[in-house]
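Participant: Need coordinates for the below:
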Amino acid sequence: MITLAGARPNMALPVPQSLEEVRLPESLVTDLVLRRLLLEGFSTLQSLSRTLRLSPAVIHQIFTQLRAQQLVEVKGMIGNDYRFTLSHAGKELATDRFQVSQYAGAAPVSLEDYHTVIRAQAAKVRLDRKMLRAALSDLVVTDSLLDQLGPALISQTSIFIYGPSGNGKTSIAERMLRVYQDAVLIPYAVEVDHQIISVYDPVVHHRLEIEDPETDPRWVLCRRPCIVVGGELVPSMVELRLDETSGIYAAPLQMKANNGIFIIDDFGRQLMSPRDLLNRWIVPLDRRVDYLTLRYGVKFQIPFELMVVFSTNLDPYDLADEAFLRRIRNKIYVGPVDPASFDRIFERVAVSKRVPAEAGSAEQLRRLAEARGQKELRACYPLDIVNIIITISEYEGRPPVINKAELERAVELYFAKGDPAEDGRRGWEAA
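Facilitator: Predicted structure coming up:
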């Protein structure tokens, strides 16, 4: 079970009670308050504190300054809290600052604090074969493969998983996250040279509904992230991206994946060439730091504290040179499954899909696959074939059942004609 105590980094993250403790430029915090007031119209100290994720003491400090400069007008009291709005001069200033940046969300953290926390949260995995088998309990995995995965996961360095398609490389990679028994703190945003970089992304970060009043609310408690990309990966996704309209930078994928796992699935089939990606990351993989650049040329360093998993069905030496492969210490081959494993996978699929199967159905499927020229058994065959049997039964309006006749029909639909070991043109011509 994930607990707050287990999720805390190795240093305290107390709630800042003054502008000095916030460790941000005062002008940036003031601009945040002005923009928020411009959007809300009327607000209170407590409301701004909740929205900007700053303590009431910090908000009161900014409010006092704005009031002294006649940029806000108090309209009344709500209990012991002020109800106020921007004055005419305040609206003009807020409108001007809104043209520079439209960000009016949670206050960012400093780049220095981001470095410190990410480094402190670096994963430290304690693992043995029994624990790893439990983490992958919904897959059929051999002891030899577990014994390769275990040391690789403990090392928390990059992993290259390769082998024929359909044997569970992606399934294994996606389940690697299960070995972590803790959570991490992720900032809503990071400030660099008065620019705001949005980091927390509810699409990829799974927030834990645990509130700790003693922890800086600018950080979100989340499960360790796992980001998966496939053929859609393009160069812009691993660089800072500026929204010209809002003036807000979006963090690249590797920054969002910090303290977690970044899976590049079907490596070698991206719009971004393997050589470009490898050249881009050769330094980060080696030194555990990355370099990003703001639009106007300011370059800065961020931690590259993540495990990158490359998954491919292509030959590693066709994708990368020896110098790059040397930097990926763990290269794990996931090959075709043996008959015993194939049968276990088939039985699990039939049970999970609640489809009754005649005795010997798994063996029958193996024979049918071999008859269609499949010299190797793939882990994906049982699920794919059973799903076809289910759709056939739905089409014919009857309950699904796995028997020889149904397997033959499914195999006929599933495998392309022709012997895959020979020239593919012969199969098409024979058809």
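Participant: And the strands in the stretch 151-300 of the chain, which stretches?
Facilitator: Assigned by DSSP state E, counting those that start in this stretch, the strands in the stretch 151-300 of the chain fall at 159-162, 183-187, 189-192, 195-198, 219-223, 226-229, 241-243, 248-250, 261-264, 289-293, 299-303.
Participant: Can you say which of the ones you listed is nearest to Ala323?
Facilitator: Ala323 lies closest to strand 159-162 among the strands of the stretch 151-300 of the chain, at 14.1 Å (CB to CB). C-betas here are computed from N, CA, C, even on glycine.
Participant: packing partners for that closest one?
Facilitator: helix 169-175, strand 307-312, strand 330-333 (3 or more CB pairs under 8 Å, 6 or more residues apart in numbering; DSSP states H and E).
Participant: before we move on, back to that, would you format the strands of the stretch 151-300 of the chain as TSV with mean pLDDT and distance to Arg126 included?
Facilitator: What follows is the strands of the stretch 151-300 of the chain, written out as TSV (pLDDT from 0 to 100; distance: least, CB to CB, whole Å):
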stretch	mean pLDDT	distance to Arg126
strand 159-162	95	18
strand 183-187	95	16
strand 189-192	98	30
strand 195-198	98	33
strand 219-223	95	18
strand 226-229	95	19
strand 241-243	96	37
strand 248-250	97	35
strand 261-264	96	17
strand 289-293	96	26
strand 299-303	97	22
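Participant: Ile62: which of these is closest?
Facilitator: The nearest among those, by CB to CB, is strand 189-192 at 15.9 Å.
Participant: what's the closest one packed up against?
Facilitator: Identification of packing neighbours for strand 189-192 by 3+ CB pairs under 8 Å, 6+ apart yields strand 109-110, helix 111-120, strand 195-198.
Participant: Averaged pLDDT, the strand or helix carrying Glu92. What do you get?
Facilitator: In the assignment (DSSP states H and E), Glu92 maps to helix 88-100. Here helix 88-100 scores 96 as its mean pLDDT.
Participant: contact partners of it?
Facilitator: If you take CB atoms under 8 Å, 6 or more residues apart in numbering as the criterion, helix 88-100 is touched by 31, 34-35, 37-38, 66, 70-73, 86, 247.
Participant: In it, which residues are buried?
Facilitator: 90, 93-94, 97-98 (16 or more other CB atoms under 10 Å).
Participant: what would the residues you listed look like in JSON lines with distance to Val401?
Facilitator: Converted to JSON lines, the buried residues of helix 88-100 look like this (distance: CB to CB, whole Å):
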{"residue": "Gly90", "distance to Val401": "73"}
{"residue": "Leu93", "distance to Val401": "73"}
{"residue": "Ala94", "distance to Val401": "69"}
{"residue": "Arg97", "distance to Val401": "68"}
{"residue": "Phe98", "distance to Val401": "65"}
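Participant: Tell me the one of the residues you listed nearest Val117?
Facilitator: Using CB to CB, the buried residues of helix 88-100 come closest to Val117 at Arg97, 28.2 Å.
Participant: Against Gly150, how distant is the closest one?
Facilitator: To Gly150, Arg97 is 53 Å away according to CB to CB, to the nearest Å.
Participant: Run the chain-centre distance for the helix holding Glu92.
Facilitator: Computed by CA atoms, centre = their mean, to the nearest Å, the chain-centroid distance of helix 88-100 equals 37 Å.
Participant: Spatially nearest residue to Leu306, not counting backbone neighbours?
Facilitator: Take Leu306 and drop its neighbours on the chain: the residue closest to it by CB to CB, 6 or more residues apart in numbering is Ala257, 4.8 Å away.
Participant: For burial, what's the neighbour tally of that neighbour?
Facilitator: Using other CB atoms under 10 Å, Ala257 is surrounded by 25 other residues.
Participant: so what pLDDT did it get?
Facilitator: 97.
Participant: pretty sure it contacts Phe304?
Facilitator: No. Using CB atoms under 8 Å, Ala257 is not in contact with Phe304, being 9.5 Å away.
Participant: and the residue nearest to Leu306, backbone torsions?
Facilitator: phi -90, psi 0 (degrees, to the nearest 10).
Participant: Please apply the same query to the one 3 residues further on.
Facilitator: The phi and psi values for Gly260, taken as degrees, to the nearest 10, are phi -140, psi -140.
Participant: For it, give its distance to Ala134.
Facilitator: Gly260 is 20 Å from Ala134, by CB to CB.
Participant: For these two, indicate the residue with more neighbours.
Facilitator: A direct count of neighbours by other CB under 10 Å for Gly260 and Ala134 places Gly260 higher, at 24 against 10.
Participant: The more buried one contacts Leu177, correct?
Facilitator: Yes. Here Gly260 reaches Leu177: they are 7.2 Å apart, a contact under CB under 8 Å.
Participant: Could you tell me which residues touch both of those two?
Facilitator: Among the neighbours of Gly260, those also in contact with Leu177 (CB under 8 Å, 6+ apart) are 224, 226.
Participant: Just the endpoints, please. Distance across stretch 198-213?
Facilitator: 23 Å (CA to CA, to the nearest Å).
Participant: Now do that stretch: distance to the chain's middle.
Facilitator: The answer for stretch 198-213 is 12 Å, by CA atoms, centre = their mean.
Participant: can you check stretch 231-249 too?
Facilitator: The answer for stretch 231-249 is 16 Å, by CA atoms, centre = their mean.
Participant: Dump that stretch to CSV, restricted to CA.
Facilitator: Taking Å, rounded to 0.1, in the frame of the first residue of the first chain, the C-alpha atoms of stretch 231-249 are listed here in CSV:
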residue,chain,number,x,y,z
GLY,A,231,5.0,5.7,-33.8
GLU,A,232,3.7,9.1,-33.0
LEU,A,233,7.0,10.3,-31.4
VAL,A,234,8.3,13.4,-33.1
PRO,A,235,11.3,15.6,-32.2
SER,A,236,9.1,18.4,-30.7
MET,A,237,7.8,16.0,-28.1
VAL,A,238,11.3,15.7,-26.4
GLU,A,239,11.8,19.5,-26.4
LEU,A,240,10.2,22.4,-24.7
ARG,A,241,7.1,23.5,-26.5
LEU,A,242,5.9,27.1,-26.2
ASP,A,243,2.2,27.9,-26.6
GLU,A,244,2.4,31.2,-28.5
THR,A,245,-1.1,32.3,-27.3
SER,A,246,-0.7,31.6,-23.6
GLY,A,247,3.0,32.2,-23.3
ILE,A,248,3.3,28.9,-21.3
TYR,A,249,5.9,26.2,-22.0
